[in-house]
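Asks: how would this look folded up:
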Amino acid sequence: MKVDLFDFHLPEELIAQVPLKKRTDSRLMVLNKETGDIQHEVFKDITKYLREGDCLVLNDTKVLPARLFGVKTDTGAKIEVLLLKQLEGDEWETLVKPAKRVKEGTVVEFGDGLLTAVCTGESDHGGRTFEFKYEGIFYEILDQLGQMPLPPYIKEQLDDQDRYQTVYAKEPGSAAAPTAGLHFTEELLQEIAGMGVHIAFITLHVGLGTFRPVSADDVEGHDMHAEFYIMTDETATLLNKVRNSGGRIITVGTTSTRTLETIAHANNGQFIGCSGWTDIFIFPGYEFKGINGMITNFHLPKSTLIMLVSALAGREHILHAYNTAVEEKYRFFSFGDAMFIV
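Replies: Got it, this is the predicted structure:
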């Protein structure tokens, strides 16, 4: 299957650079995955499309302020380090700019020595491993020195760092936000729960690979990045109960979707409490075993994310919906509007 089949024209001005003042004021496109029919709503009206006995599954990962700016101790050259994944202890996989200035053994200092890092390894495309040295608690130092790692297509500075976190973010570890969840407020979630809709949480720590373009000509030639997930016994029990009672399992975001599908496929359509790494790649032809519907944002042309939603709703329905979104001037990507595939 050719990657070009998932292309569409996206005017640059439709890429949302800043979030709306109110999370629930985003627009909502409701797409019937069977018929392709489209409804235009405002996100706070998503309650019209939820039913008692349904279950919303949210990813409670928390974005780390993972972008650090430091200097090489030997030359004073400025270095930018983006934390990607914790390895063992205080060793991290990172991306570095400019990478050519950082070799194994290079020492970088942040915050006038509050944090230092020694390069312990090199890999392709600016990848470096660092061992960090500090006194105190690492995540508290990171909160003090780090900046939010906004996606590369967002050029504006973010005034309120919390707007790149979901209101239910809890477990630190992501290099990017699960952006479909940015539309929810605590009040809206309470209203949804009051309707008899179950609210469940999983954790998947989003890696920077979520922004990595598909470089292969054929979909099957793309290698997915692996991301760490956790599902508790409590969540697994609830999801099995909802499924057995005829309720719909609706994921919020592609991260929640990939987690549930990974677990359901490994367990004959059932859910179990577990943790691990997933590199599942979902594209048309995939048979869903875990979910019935999904809330998501509008994604990049030719990305793995538009391939995933095409697997759920059909490529033709998705491309028609996306072209409609462009015509109707929906806002795209992380701070953009939402789609409910149901």
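
Asks: hey, let's count contacts and neighbours off CA atoms from now on
Replies: Fine.

Asks: wait, a strand at V18?
Replies: No: applying DSSP: H, G, I helix; E, B strand; the rest coil, one finds V18 to be coil, outside a strand.

Asks: now it: how far from V206?
Replies: 21 Å (C-alpha to C-alpha, to the nearest Å).

Asks: and these two? Which one has more around it.
Replies: V206 (25 against 17; other C-alpha atoms under 10 Å).

Asks: surely the more buried one is in a helix?
Replies: No: counting by three-state DSSP, V206 is located in no helix; its state is coil.

Asks: now do the same for it: its pLDDT.
Replies: We have a pLDDT of 91 for V206.

Asks: equivalent analysis for G127, please.
Replies: 89.

Asks: wait, it touches L95, no?
Replies: Yes: in this structure, G127 is within contact of L95 by C-alpha atoms under 8 Å, at 4.6 Å.

Asks: so the two - more neighbours on which side?
Replies: L95 (23 against 18).

Asks: the host helix or strand of that one: partners in the sheet, and parallel or antiparallel?
Replies: For L95, the host element (DSSP states H and E) is strand 91-97. Applying DSSP bridges, strand 91-97 is found paired with strand 78-86 (antiparallel), strand 127-134 (antiparallel).

Asks: for the residue nearest to V18 when sequence neighbours are not counted, give me its contacts.
Replies: Closest residue to V18 apart from its sequence neighbours, by C-alpha to C-alpha, 6 or more residues apart in numbering: F335 at 6.1 Å. By C-alpha atoms under 8 Å, 6 or more residues apart in numbering, the contact set of F335 is A16, Q17, V18, P19, L20, T179, L182.

Asks: I318: what secondary structure?
Replies: I318 - assigned by three-state DSSP - is helix.

Asks: was I right to think it contacts M307?
Replies: No: the criterion here is C-alpha under 8 Å, and I318 misses it with M307 at 9.3 Å.

Asks: who's in contact with T185?
Replies: By C-alpha under 8 Å, 6+ apart, the neighbours of T185 are R23, T24, V167.

Asks: hmm, try it at 7 Å
Replies: R23, V167 (C-alpha atoms under 7 Å, 6 or more residues apart in numbering).

Asks: and what of I192?
Replies: T47.

Asks: what strand or helix carries it?
Replies: helix 186-194.

Asks: and what of M29?
Replies: Per DSSP H and E: strand 27-31 holds M29.

Asks: and for that strand, what's in contact with it?
Replies: So strand 27-31 is contacted by 37-43, 337-342 (C-alpha under 7 Å, 6+ apart).
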